[in-house]
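Visitor: Requesting a structural model of the entry that follows:
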Amino acid sequence: MHVTPRRGGPRSSQPFAAEDGFALIEVMVSAVLLIGLALATLSLIDNSQASSSQQRSKGIASALASADLGRMRQTKFTTSTNFTTTATTRGVDNINYTVTSKGEWTSAAGVLTTCTKPSTGNPGQYVRLTSTVTWPGMGAVKPVTAETLLVPRSGEVAITAGAFSLKVLTAAGSPVAGVSVVMNGQTLVTSAAGCVVFTSVPPGTYNVTYSKSGYIATSGATPGIYVATVTKGTTASKTVGYDIPAKITPVPMFREVSGLPSTTPTTAGWTSYSVSAGQGVDFLGTYLWNATNAGSGTSLYPFIGGYQVYAGNCAGNNPALYDGGFGTTFPLSSVAPDPGTAAIGTAYMRQATIKVSGAPNNQKVGVYLLPSSTSADMAGCDRAFAPTALQAANSSTVAMSTTFDAPYGIYTYCIDNGASTQAAGRRYVYPAASNAYNNTPANGSPSPTTATPTLDYTKVSGGTGVTGLCSVATS
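Guide: Numbers count the residues shown, from 1 in each chain. Alright, predicted model coming up:
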């Protein structure tokens, strides 16, 4: 087969129409690639410069931190041991560097303890000095930190002085940070370990106060106070409880019946009640502490073991004094509110019965239980009395009897002729301490009085010169 070659015409040497503009596109693509390469190169140069700038800043920061440590190390140990965290500004090459200086107590092993208690010798062990430097535009760069231990130089710590350490814990035993502690005119703030250490303290006795907003001491006080005694060459220490207060509110009052709790309301008209941590336990052990006349708004330290709630206004009215298991037998009377919460507690009272013989016809007789003078716990207690005076029967040979609710305690029973005041002719009988009446719990010690005492009204005596027998008032 013979193939005839294509003949070239006048346009055979010209590009096709579809190829128009290809050269321009190639130029534009080349320009874009060149610009992208140039930008990447510039970014690399910029990053290199930024890295170089950060390295320069880190170098300056390291020098500042080292110089700051040198400054702190030149400080005498007796004045540097109680460093407070301070921040200063240093300007270098138009950049403001912030230098933060800090000192913390540390043990010989280098572990931060803050409340180290050496038995004798230098107060404390070492101080860890830390200098941290930051600057603007750090980005992801970490601050520069330098630290060292400050060791007392020979003869630098005065052997005529001592030290005192205070550790502050919650009722559960957790450290409380941020507590302001004042001793001998100096104020320190507890660390994360809940501690402060005062060094170079002259021997003597000091009131150490500790306070933090919203907290209460085991004594119910805020701020808390501890009396510290410092001797030369030793470190005295104390651990105290400090926590967010709790409350007990409100408190109904019921009657003990046959040694057990009941839901029978008392009729004595008592409105005051008290709480005691006599069965309360925290990390320090067992407390015997009373908040007398504790209203519903009273702030209480949140003892882990809780509180014994009782009627009355003094320590001697606390049934737990006479029966350590009272809170178990009467569980509603023993409550343990958590920090910052409120709980309801129930107070109980025991019935007392007194008889009166020999009263004239239609004679009113007042019957009382007076706090016993033989019991120190009853000091300051209110008297208990029958809500209404007895009215004698027509026959004086019939003994009158009255039963009334009274707070727990040790009393002396007494009667009078029912007159409102001495000036109105009030007379008394049997105020003697020998007339003991133990209004104690059924399982208490001393045992409760079970026999009903009888008083002879014919022995009522006294006059305007007789005071303080059956009544608190003497006018």
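Visitor: mind listing the helices in this structure by residue range?
Guide: Shown for the chain, the helices assigned by DSSP state H span residues 22-73, 77-80, 326-329.
Visitor: Could I get the phi/psi values of the nearest residue to A246 once chain neighbours are set aside?
Guide: Among residues not flanking A246 along the chain, P337 sits closest, at 3.7 Å (CB to CB, 6 or more residues apart in numbering). Yep, even glycine has a C-beta here, placed from its N, CA and C like the rest. In terms of degrees, to the nearest 10, the main-chain angles of P337 are phi -70, psi 140.
Visitor: quick one, what contacts K232?
Guide: Residues near K232 by CB atoms under 8 Å, 6 or more residues apart in numbering: 159-162, 203.
Visitor: circling back to that earlier point, could you tell me the least trusted of the helices of the chain?
Guide: Among these, helix 77-80 has the lowest mean pLDDT, at a mean of 56.
Visitor: if we can go back for a sec, buried ones among the contacts of K232?
Guide: If you count burial by 16 or more other CB atoms under 10 Å, the buried members of those come out as 161-162.
Visitor: circling back: wait, the residue nearest to A246 sits on Y301?
Guide: No: the criterion here is CB atoms under 8 Å, and P337 misses it with Y301 at 10.4 Å.
Visitor: Quick check: neighbours shared by the two?
Guide: Contacts common to P337 and Y301, judged by CB under 8 Å, 6+ apart, are A246.
Visitor: Tell me which of the two has more neighbours.
Guide: Y301 (28 against 20; other CB atoms under 10 Å).
Visitor: picking that back up, show only the entries of the contacts of K232 found in strands.
Guide: Using DSSP state E, the subset of these located in strands is G162.
Visitor: ok, N207 touching T229?
Guide: No: counting by CB under 8 Å, N207 sits too far from T229 to count as a contact (11.3 Å).
Visitor: Present the contacts of K232 as a markdown table; the columns should include distance to G233 and pLDDT.
Guide: Listed next are those as a markdown table, based on distance: CB to CB, whole Å; pLDDT from 0 to 100:
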| residue | distance to G233 | pLDDT |
| --- | --- | --- |
| I159 | 6 | 63 |
| T160 | 8 | 74 |
| A161 | 8 | 78 |
| G162 | 6 | 83 |
| P203 | 9 | 92 |
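Visitor: out of the contacts of K232, who's nearest T346?
Guide: G162 (49.2 Å; CB to CB).
Visitor: beta partners for the closest residue to the closest one other than its chain neighbours?
Guide: Once flanking residues are discounted, G162 sits nearest to V230: 4.2 Å by CB to CB, 6+ apart. V230 has these beta-bridge partners by DSSP bridges: G204.
Visitor: got the contact list for V230?
Guide: With CB under 8 Å, 6+ apart, V230 has these contacts: 162-164, 201-206, 236.
Visitor: From K238, how far out is it?
Guide: 11 Å (CB to CB, to the nearest Å).
Visitor: Identify the contacts common to the two.
Guide: Shared contacts of V230 and K238, counting by CB under 8 Å, 6+ apart, come down to F164.
Visitor: hmm, who's touching stretch 438-455?
Guide: By CB under 8 Å, 6+ apart, the residues outside stretch 438-455 that reach it are 256, 258-260, 319, 322-323, 325-326, 329, 350, 352-357, 369, 384, 399, 401, 406-411, 413-415, 429-430, 435-437.
Visitor: quick one: which of the contacts of K232 is nearest to L150?
Guide: Proximity of the contacts of K232 to L150 was ranked by CB to CB; the top entry is A161 with 17.2 Å.
Visitor: Surely the closest one and F198 touch.
Guide: No: applying CB under 8 Å as the test, A161 and F198 come out as separate, 10.1 Å apart.
Visitor: Do I have it right that T145 meets S131?
Guide: Yes: assessed by CB under 8 Å, T145 is found in contact with S131 at 7.1 Å.
Visitor: Next up, phi/psi of the closest residue in space to L332 that isn't next to it in sequence, please.
Guide: Spatial nearest neighbour of L332, excluding adjacent residues (CB to CB, 6+ apart): T346 at 3.9 Å. T346 adopts backbone torsions of phi -110, psi 130, taken as degrees, to the nearest 10.
Visitor: For S262, give its distance to Y310.
Guide: 16 Å.
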